[in-house]
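Engineer: Next comes the sequence, and after it the predicted model I'd like to discuss.
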Amino acid sequence: MSANVKVYGELVDITKSDSISVAVENVEELKKILFSKYPALASKTFVIAIGNKIVSGNSKISEVDQIALLPPFAGG
């Protein structure tokens with residue numbers, strides 16, 4: 001199953017794209033693939049969101065999920 005992952009902020013500089021397509025079933029698998037393909041991501045701080053929720057661990061990913069890599073952000 002292929003999932004579309006949106007990439008934001010400084011992470012785009014690493015992935016060279018604001019959208020990545022990957023075949024994964026859960027968040028841990030997604031992280032392993034991302035760190036393998038983009039080793040510089042491993043040293044960056046970011047969270048993974050599915051829909052409107054920040055997730056971790058072994059959360060399941062489906063083909064229709066909206067997935068995002070979100071770096072730290074600040075507002076004021």
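Structural biologist: Looks like it came in fine. Numbers count the residues shown, from 1 in each chain.
Engineer: need the helices for the protein, in chain order.
Structural biologist: Taking DSSP state H as the criterion, the chain contains helices spanning 11-15, 27-37.
Engineer: any idea how far Val27 lies from Ala49?
Structural biologist: According to C-beta to C-beta, to the nearest Å, Val27 stands 10 Å off from Ala49. Every C-beta, even on glycine, is put in place using the N, C-alpha and C of the backbone.
Engineer: Next: Lys60.
Structural biologist: Distance of Lys60 to Ala49, computed by C-beta to C-beta: 14 Å.
Engineer: now swap in Asn4 and tell me
Structural biologist: Separation of Asn4 from Ala49 (C-beta to C-beta): 13 Å.
Engineer: Look at the two and report which has more neighbours.
Structural biologist: Ala49 (17 against 14; other C-beta atoms under 10 Å).
Engineer: Identify the residue spatially nearest to that one, adjacent ones excluded.
Structural biologist: Ala68 (4.6 Å; C-beta to C-beta, 6 or more residues apart in numbering).
Engineer: wait, that neighbour sits on Ile48?
Structural biologist: Yes. Counting by C-beta atoms under 8 Å, Ala68 touches Ile48, with 7.2 Å between them.
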